[in-house]
Each structure stands twice: as structure tokens, then as C-alpha cells.
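Colleague: heads up, no residue letters with this:
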Ligand SMILES: Nc1ncnc2c1ncn2[C@@H]1O[C@H](COP(=O)(O)OP(=O)(O)OP(=O)(O)O)[C@@H](O)[C@H]1O
């Protein structure tokens, strides 16, 4: 943390518990950060607080210190919490963040003298064991501080063995996220379950709409504390974090990404993708490209990729994060969804690259804030495609986030073409890869439709051809958005030289199944011809506008030319089914999405 204007722990208006002071100094926190200096006296002095302070400014300790102090004061008077009772509840949106807060607390409570009281924290997280195991652990450990994600904690608090009446403090870390519509029902329930007499603290780097919600959580006359990086310019971004944008056509994004990763000197970088499938697809593709480029003598030897998203097992996620943040001579690059956008404090992340801006402009601030933390320098770059997306710069400027032009980046266009060629060869080697690319593309389009700044991010203005090249697609999937694609190719085939029937799986079992299915359907397709022919004639004679509305006619729209209809009739059943597969995926993913949105939004990140 910057050394200027040191605010020592002794400058607090009261004396910290001696063991806590020692713990702080031993952990390297020799003085307070501005947010800690502003919050600790008020929150410890029984005021509710709503705190907005830039990313990496030390908000975690600003609530952890008062929480530990309150628990200690209680224990001093009562000597223990009754069985099933706890003293503080800290809620945060992701498991990674919960583990991080638990780590900060554990590092401090180690210094608590054994002969007085044993302080303990317990994480209660969705997707980890069951609520019953959480309760059993809690009864055993008798943890006084619970750190939880919103879904699981409701079940935990409602369990008959868990008593909430001693809870004195409620903390919402990343409060604006916790109070948005995804968690509103859980948060209202929690407010009802917990006792009215408690202190509430809300913390985040962005606090757009939170203030209206404070009363729902039973805050009484809260103090609003805002700590900006520079009080004069009212900057929402840490002072040593440089923000850039680069106007780059979609088909050149991967090339530019490689160029930046090779040419920038960094220790750790995070590259954000919009969806889980995009992360997992580009992780495979980029790893392949890295090895190709390395063989061709390019400067990418020292780059090591990692992938993180909410559909990975928790164990894998934890392992990935520890590999990414551990000691290493490599330039470590984490490809991630927004599961790593908020709160994560990974040492020495000095570069953040966003291939696309996030759907929520507040998340932009959080993503960038993974670099340039605690007074260190950092760089964040966002790619914007030419056209409407260029307006994002002014849009963010109105929100007091200033982006600067990265300027001309000198790269070799031949190299970009080489990257495309390599991607195509890699994709053609396995049918499963193209299927994955297609899924990633579909989820990308779905995600794009969710941008809150709808006037800037319009599906109708997307460069679908460029995007298809970015994803190395040979064929556009069947989607309603195809109506926006100019010169939509017959059957969606972008590259007519690729024969889809000949594209095989590298996995022998999958390939055998495909071939068997193909043979079977080739034999049985004859009797269906008459039916298909009748259907096609009927569809041909009905107006297109009507056709476009129904799912049946969705199938037809990409075969609208006479020639293609013929082609469709000639396709075996398996191939016909495949043309509809993307649509089915889409419907399935929509259903899952709805279900997820009502349960736990963050599992999808
Ligand atoms: N008093 C202090 N002295 C030195 N370093 C500190 C101090 N307080 C916090 N830090 C360090 O600053 C970094 C950022 O802290 P923290 O994660 O709490 O930031 P934050 O404000 O919660 O960020 P975000 O908004 O991204 O969640 C951490 O590495 C932490 O160890």
C-alpha cells in the first residue's frame, strides 16, 4: 500500500485489541488505508455503514476488523456463544471470494491468545457438501463468524439447530451485486430471519442502486462513506490503474490478444470472456495456437494459460486459482468469466484484457480492478468493435471512467492469417471441436443480447461474419438472429469446401456412433422423402413472415432458396437433426438459464 500519509493503527480514536494489532502488523498491514481509517471507527462505534471505495483499496479489512472486535467484546462478557449460535454473518456472491475472506480472517485469528477465547470462521457455500454437513460442522467447530454465499445461507439459517438471535453483525460484500434482482428473494428472507438489533455494513466499489434497499435490511440511519482514488477528480478507478480501449474488428481479436500477451511485460493477466462455453472453447483453441506459434519460433514460450468458470468443479476452480497465483517464472494468463470479476485479490495481476465489455457497466470497473490493486500499477485493455461499440468510451466517461486509446498496435497481418489457418486446421481435425465452437458462438450471441446499454450493443449491428471468423466457424448455427446476417449463405455454410458429412470425431466411440447413425438414417430416409416434400411445398406456399415465427419455419429459413430446399430433402435424417441441434441447444440453455437465474445466478459465471 502506498506509504505516503501513513495512517497508523494508533491513530484510531480507540485502542485496538493488542493481539489484533499484532496480527495486523505481522501480516504486513502496518498502517490503515483511507477506507479503513474512515470505516473502522464508525462501524466499531455502532453505526451502520454503506461503503463505496475503489477496487483494491482494502475494504475487506475495513469490515473484518470491526467484526472480530465485536465478537471478542461479546466473548469477554459472555465467555461463549450458546450452542447453535453465531455472532456475525458475512455474505458475498462467489465461493472464491468467500474462501478469500475466510483466509484473511484465519490469518488474523491465529494471533488470538488461546487462553482467552478461540475465534473461528466457517464458510457455508452452495455446491459444497450439503446443508446438513454445514450444520454438523458448525455444531462441532462452534464458529462465531459465518461466511456464506446467498443461496446456501438461507437453508443454513432456517435449519432448526441454527440459532440466529445472537447475530450482531451482517456484512454484505459486493453489496450492489447481492441486492440486485438475482438475489432479492434470498436477501429479504435473510433480513427477516436475522434479529432486528444488529449492525449492517455494505461494501462495494460500485453502489449504483443500493441506497434504496438499505432499509429493507433493517439498517437504521446508515452512514454513507465514499472513498475515491482521487477526491478532486472523483475517479472511480485506482490512481495507478491505466485503462485503454482498442478498436478492433471481431476477426482480429484473437490475433491482437496474442500480440498483447507476447509483447507486454506482465506477471499475471486475466482475460475475460462472456460465457463458460466461450472460456472452455478458447482455452482449448488458444493452447493449441500457443504450441503452433511456439514451434514456428514465435515469442510465446513463456505464456501459460489457465481457465476458470462456474461450471467447473469447485476443486478444479480452487486448484486453478492456486496455480495461477502461485510462484512461477511464466507469464500466467487466466481465461475467465465474471466469476473472477469481483473481489478476487490475486497478487501481481498487472494486466486485464476484456475481449468484449461486460453486459453491466459496473462489472467493467470490477474486472479492471483485478489489476492495479493496493497502490500497485496495472493496465486494463478492452476491445471494442468498429461502429456502435466505439460509443462505449463516451458512455463510460459519463460514468466517470475514462478510457484512453491504445493507439496503433503494430502487428504482422500475415501472422493473423496464420492464426486463422491454424485454427481452421485444428477445428477440422475433430467434429467435436466445431460443435464446441458452435455452442460458444450461440452463447456469445445470447449474452450479447443482455447488454444493459442496448443502444450501443445491438444484435442487429453485430459483425456476424467477423465473429464467425473469430470463433473459426465453418457454418452459422441456426438462430433467430440469423435474420441480421447480411448475405446469409445457403444453409449457413460459410465455407462451402467443408463437407460436413465427412467431418469425423477424433474420439473413436463417438465416430462409430455417428457413422452407425448416419448409415441407419441413410437407409430410412427414403420413406420420409414424400413427407418432407409435401411439407416443403406447403412451407414454400406460405408467407415468409408467418414462417419466420414458428419453430418449424425456423428450420426452413436457412433453406429458403429452391436449391437448398432440394438439398435439405437429400440430407439424411442425422444431418437434418444436426442442423436443428444448435436451436435445441439454445432452447435447453434458455431453460437452464431461467432456472439458474431463479436459484443461483453466480453458478453460471
Ligand atoms: N492496511 C493495509 N496495508 C497494506 N495492505 C493492505 C491493507 N489493507 C489491505 N491491504 C491489501 O490490499 C489488497 C486489496 O485489499 P482488498 O481485497 O480488501 O480490496 P477491496 O477494496 O476489497 O477490493 P475489491 O473492491 O476488488 O473487492 C489486498 O492484497 C490486501 O492485503
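Modeller: Structure received. Everything numeric in this text was worked out from a predicted model, so none of it was measured.
Colleague: Residue nearest the middle of this structure, spatially speaking?
Modeller: residue 338 (1.3 Å; CA atoms, centre = their mean).
Colleague: Wait, it touches residue 273, no?
Modeller: No: between residue 338 and residue 273 there is no contact under CB atoms under 8 Å: 9.4 Å. Every residue, glycine included, has its C-beta placed from N, CA and C.
Colleague: How about the contacts made by the residue nearest to the centre of the chain?
Modeller: 272, 358, 363, 367, 605 (CB atoms under 8 Å, 6 or more residues apart in numbering).
Colleague: Please report how far residue 467 lies from residue 81.
Modeller: Residue 467 sits 56 Å away from residue 81, going by CB to CB, to the nearest Å.
Colleague: same question, residue 491
Modeller: Residue 491 is 67 Å from residue 81, by CB to CB.
Colleague: Number of residues surrounding the residue of the stretch 351-500 of the chain found nearest the ligand?
Modeller: In the stretch 351-500 of the chain, the residue found nearest to the ligand is residue 374; the distance is 3.4 Å by CB to the nearest ligand atom. Counted with other CB atoms under 10 Å, the neighbours of residue 374 add up to 15.
Colleague: One more: the one 3 residues further on?
Modeller: Using other CB under 10 Å, residue 377 has 12 other residues around it.
Colleague: Am I right that it is in contact with residue 349?
Modeller: No: counting by CB under 8 Å, residue 377 sits too far from residue 349 to count as a contact (11.2 Å).
Colleague: Skipping its backbone neighbours, what lies nearest residue 118 in space?
Modeller: Leaving aside its sequence neighbours, residue 118 sits nearest to residue 112 (CB to CB, 6 or more residues apart in numbering; 7.2 Å).
Colleague: quick one: contacts for that neighbour?
Modeller: Residue 112 touches 19, 20, 23, 72, 118, 119, counting by CB under 8 Å, 6+ apart.
Colleague: For these, which entry has the maximal number of neighbours?
Modeller: Neighbour counts for those peak at residue 119, which has 22 neighbours (criterion: other CB under 10 Å).
Colleague: Just list the residues touching that residue, thanks.
Modeller: 68, 71, 72, 105, 109, 112, 144, 145.
Colleague: from those residues, which ones fall inside helices?
Modeller: When DSSP state H defines the helices, the subset of these inside them is 68, 71, 72, 105, 109.
Colleague: is residue 200 in a bridge, and if so with what?
Modeller: residue 170 (DSSP bridges).
Colleague: I figured it was touching residue 218, is that so?
Modeller: Yes: the pair residue 200 / residue 218 is scored as a contact, 6.8 Å apart, by CB under 8 Å.
Colleague: And the strands in the stretch 151-300 of the chain, which stretches?
Modeller: Ranges of strands in the stretch 151-300 of the chain, per DSSP state E, counting those that start in this stretch, are 169-173, 199-204, 223-227, 241-247, 268-272.
Colleague: Reformat the ones you listed as a markdown table; add mean neighbour count and distance to residue 403.
Modeller: Formatted as a markdown table, these follow (neighbours: other CB atoms under 10 Å; distance: least, CB to CB, whole Å):
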| stretch | mean neighbour count | distance to residue 403 |
| --- | --- | --- |
| strand 169-173 | 25 | 27 |
| strand 199-204 | 25 | 21 |
| strand 223-227 | 17 | 22 |
| strand 241-247 | 19 | 5 |
| strand 268-272 | 25 | 15 |
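Colleague: for the ligand, what are the nearby residues on the chain?
Modeller: 1, 29, 31-33, 36, 53, 55-61, 205, 343, 345, 369, 373-374 (CB under 6 Å from any ligand atom).
Colleague: Can you flag which of those belong to helices?
Modeller: Using DSSP H, those in helices are 36, 59, 60, 61.
Colleague: ok, those residues vs residue 280, which is closest?
Modeller: residue 60 (30.1 Å; CB to CB).
Colleague: how close does the residue nearest to that closest one when sequence neighbours are not counted get to residue 97?
Modeller: Ranked by CB to CB, 6+ apart and with sequence neighbours excluded, the top spatial neighbour of residue 60 is residue 104, at 5.5 Å. Remark: distance between residue 104 and residue 97 (CB to CB) = 11 Å.
Colleague: now swap in residue 393 and tell me
Modeller: Applying CB to CB to residue 393 and residue 97 gives a distance of 30 Å.
Colleague: Which residue of those two possesses the greater neighbour count?
Modeller: Neighbour comparison, residue 393 and residue 97: the larger count goes to residue 97, with 23 against 18 (by other CB under 10 Å).
Colleague: Would you agree the more buried one falls within a strand?
Modeller: No: read with DSSP: H, G, I helix; E, B strand; the rest coil, residue 97 is helix and lies in no strand.
Colleague: got the end-to-end distance for stretch 394-404?
Modeller: End-to-end distance of stretch 394-404 (CA to CA, to the nearest Å): 11 Å.
Colleague: For it, buried residues please.
Modeller: 395, 396, 401, 403 (16 or more other CB atoms under 10 Å).
Colleague: do the same with stretch 408-419
Modeller: Those buried within stretch 408-419 under the rule 16+ other CB under 10 Å are 411, 416, 418, 419.
Colleague: just stretch 81-96 next, same as before
Modeller: For stretch 81-96, using 16+ other CB under 10 Å, the buried residues are 81, 84-96.
Colleague: For the residues you listed, give me a markdown table that also has pLDDT and secondary structure.
Modeller: Listed next are these as a markdown table, based on pLDDT from 0 to 100; DSSP: H, G, I helix; E, B strand; the rest coil:
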| residue | pLDDT | secondary structure |
| --- | --- | --- |
| 81 | 91 | coil |
| 84 | 96 | coil |
| 85 | 97 | strand |
| 86 | 97 | coil |
| 87 | 97 | coil |
| 88 | 98 | strand |
| 89 | 98 | strand |
| 90 | 98 | strand |
| 91 | 97 | strand |
| 92 | 96 | coil |
| 93 | 94 | coil |
| 94 | 93 | coil |
| 95 | 93 | helix |
| 96 | 93 | helix |
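Colleague: and these as a markdown table, adding distance to residue 192?
Modeller: A markdown table is the format used below for the buried residues of stretch 81-96 (distance: CB to CB, whole Å):
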| residue | distance to residue 192 |
| --- | --- |
| 81 | 22 |
| 84 | 19 |
| 85 | 18 |
| 86 | 17 |
| 87 | 19 |
| 88 | 18 |
| 89 | 14 |
| 90 | 19 |
| 91 | 15 |
| 92 | 20 |
| 93 | 20 |
| 94 | 24 |
| 95 | 25 |
| 96 | 28 |
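Colleague: rewinding a little: which pair in the ones in helices among the contacts of residue 119 has the greatest spatial separation?
Modeller: Maximum distance among these (CB to CB): 12.6 Å, for 72 and 105.
Colleague: who's in contact with the spatially closest residue to residue 39 that is not a sequence neighbour?
Modeller: The shortest distance from residue 39 to any non-neighbouring residue, by CB to CB, 6+ apart, is to residue 62 (4.2 Å). The neighbours of residue 62, taking CB under 8 Å, 6+ apart as the test, are 33, 35, 36, 39, 40, 43, 51, 53, 203.
Colleague: which SSE is the fourth one in?
Modeller: To tie it back to what came earlier, the one meant is residue 39. Using DSSP states H and E, residue 39 sits in helix 34-44.
Colleague: Point out the other helices and strands that that helix packs with.
Modeller: With contacts defined as 3 or more CB pairs under 8 Å, 6 or more residues apart in numbering; DSSP states H and E, helix 34-44 has these neighbours: strand 7-8, strand 49-53, helix 59-78, strand 199-204, strand 223-227.
Colleague: Mind putting these into CSV with distance to residue 188 and mean pLDDT?
Modeller: Listed next are the helices and strands packed on helix 34-44 as CSV, based on distance: least, CB to CB, whole Å; pLDDT from 0 to 100:
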stretch, distance to residue 188, mean pLDDT
strand 7-8, 37, 90
strand 49-53, 18, 94
helix 59-78, 22, 94
strand 199-204, 14, 95
strand 223-227, 22, 90
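Colleague: Of the ones you listed, which is nearest residue 248?
Modeller: That would be strand 199-204 among these, by CB to CB, at 30.6 Å.
Colleague: Which residues does the closest one contact?
Modeller: 39, 43, 46-53, 59, 62-63, 66, 70, 168-177, 179, 210, 214, 217-219, 222.
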